[in-house]
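Provided below are the primary sequence and the corresponding predicted coordinates.
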Amino acid sequence: MMAQTRSGGPSESEPANGGNGNGNGGSGDSPELWGDGGLVGDGRYRLTHRLGRGGMAEVFAAEDVRLGRTVAVKLLRSDLAEDPVSKARFTREAQSVAGLNHHAVVAVYDSGEDVIGGSTVPYIVMELVEGRTIRDLLIESEPPPPDQALIIVSGVLEALAYSHHHGIVHRDIKPANVIITNTGAVKVMDFGIARALHGAQSTMTQTGMVMGTPQYLSPEQALGKTVDTRSDLYATGCLLYELLAHRPPFTGESPLSVVYQHVQDIPVPPSRVSDAVPPELDGLVMRSLAKDPDDRFQSAEEMRGLAQYALQMLTEHGGHTGAWDTGTVAMAGAAPVAGTTAMMPAGGGDTSQIPAPLLGPPR
């Protein structure tokens with residue numbers, strides 16, 4: 001079972017007790033084999049145990065000996081420390097999140113570089129979050145009820161509205177990058193490929209590679225076109241689709257086949273994938289997955305407003321009633337089905353708290 005303690009990454013981490021270490025100056029799980037004898041930041045942060053590891057980084061729980069608090073320390077793998085692309089991505093995460101101060105964004109406290117095993121290795125010190133990622137929850141539990149799916153997505157959109165207003169596009173929203181804390185709060189993490197909005201060309205290509213995760217990649221990301229906030233809304237639509245239908249909107253035998261579908265194919269509405277999904281939610285999901293960014297929601301606030309409206313209607317009227325909807329649904333080879341959409345004000349209050357029990361018991 002996955003470790004219950006999570007922090008700001010890595011986004012595709014393995015169990016904290018699984019396997020041997022593969023970088024950052026050591027070959028095991030013992031803290032003294034990591035960092036500089038178990039210390040990072042000129043001795044300020046004492047590593048206590050590993051939380052997880054991924055393709056780029058290792059994350060440890062640590063004690064901030066100066067302030068006497070527990071934090072998470074993310075270390076770039078030492079074998080990537082000399083790779084300029086990996087190092088730039090890692091450093092950009094610290095720079096992107098350093099200016100963000102919001103309850104729905106995993107906070108960055110500090111960053112820097114240490115010389116570890118002869119290599120200059122960057123590190124990020126983050127808020128330590130107790131909880132599980134949506135990825136873990138989807139693996140371990142049944143799909144959440146539609147109302148909880150809407151609450152989760154509202155929390156993600158609240159974080160995105162804040163980051164977008166501060167000029168930051170996340171560019172990698174996916175289940176592994178969203179945490180439900182043990183108190184039921186929603187937090188977004190891993191701004192590792194985030195990019196500032198200012199500048200004429202904010203594209204998703206880097207050294208010829210598309211940056212992002214195939215199952216949640218917007219068409220413009222897949223094509224290497226200029227990316228803006230609406231790409232995050234597309235990825236959030238993919239996340240909502242998976243929360244409702246327990247599968248992403250597109251699947252395939254290879255990443256390339258999935259990317260092709262994002263560009264070319266119209267997804268099946270989630271209510272046609274699972275009978276448990278109220279068809280009233282199809283409009284919300286399908287609009288967020290429009291191929292043309294101009295056909296999507298134009299801001300996180302706008303999408304969140306409709307998600308909150310849907311949550312209110314589900315609470316008051318239930319689903320599968322035909323008494324309300326969230327907009328038109330475009331079907332492959334068919335004319336859009338008209339709907340009468342009411343909108344809640346975008347402010348709408350804080351709906352980013354998941355009521356207990358948390359998405360059902362583990363399987």
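Yep, it's here. Residues are numbered from 1 along each chain as shown.

please report phi then psi for residue 215.
Summarising the backbone geometry of residue 215 under the convention degrees, to the nearest 10, its torsions are phi -70, psi -20.

could you do residue 183 as well?
The phi and psi torsions at residue 183 (degrees, to the nearest 10) take the values phi -100, psi 0.

so which residues of the stretch 1-150 of the chain form strands?
5-6, 39-40, 45-53, 57-64, 69-76, 108-116, 119-126, 129-133 (DSSP state E, counting those that start in this stretch).

in its sheet, what does the fourth one sit against?
Pairing partners of strand 57-64, with direction, according to DSSP bridges: strand 45-53 (antiparallel), strand 69-76 (antiparallel).

how does the protein divide into domains?
Structural domains of the chain, as assigned by automatic domain parsing, span the residue ranges 5-127, 132-317.

for residue 325, find the nearest of those.
Nearest to residue 325 among these is domain 132-317 (4.9 Å), distances taken as C-beta to C-beta. The way it works is simple: take the backbone N, C-alpha and C, and place the C-beta from them, glycine included.

any idea how far apart the tips of that closest one sit?
Taking C-alpha to C-alpha, to the nearest Å, the span from the opening residue of domain 132-317 to its closing residue is 31 Å.

and the closest residue to residue 280 other than its chain neighbours, how far is that from residue 309?
Among residues not flanking residue 280 along the chain, residue 325 sits closest, at 4.9 Å (C-beta to C-beta, 6 or more residues apart in numbering). Shown here: residue 325 relative to residue 309, a distance of 10 Å by C-beta to C-beta, to the nearest Å.

ok, residue 174 - contacts?
Neighbour list for residue 174: 11, 135, 213, 215-216, 235, 238-239 [criterion: C-beta atoms under 8 Å, 6 or more residues apart in numbering].

for residue 157, which three-state class applies?
The assignment at residue 157 comes out as helix when based on DSSP: H, G, I helix; E, B strand; the rest coil.

spatially nearest residue to it (excluding sequence neighbours)?
Leaving out its chain neighbours, residue 157 is closest to residue 304 (C-beta to C-beta, 6+ apart), at 3.9 Å.

what's the pLDDT at the one you found?
At residue 304 the predicted local confidence, pLDDT, stands at 98.

what's the neighbour count on it?
28 (other C-beta atoms under 10 Å).

how close does it get to residue 268?
Computed as C-beta to C-beta, the residue 304 to residue 268 distance reads 24 Å.

residue 324 touches residue 312, doesn't it?
No: in this structure, residue 324 sits apart from residue 312 without contact. The criterion is C-beta atoms under 8 Å, and the distance is 9.4 Å.
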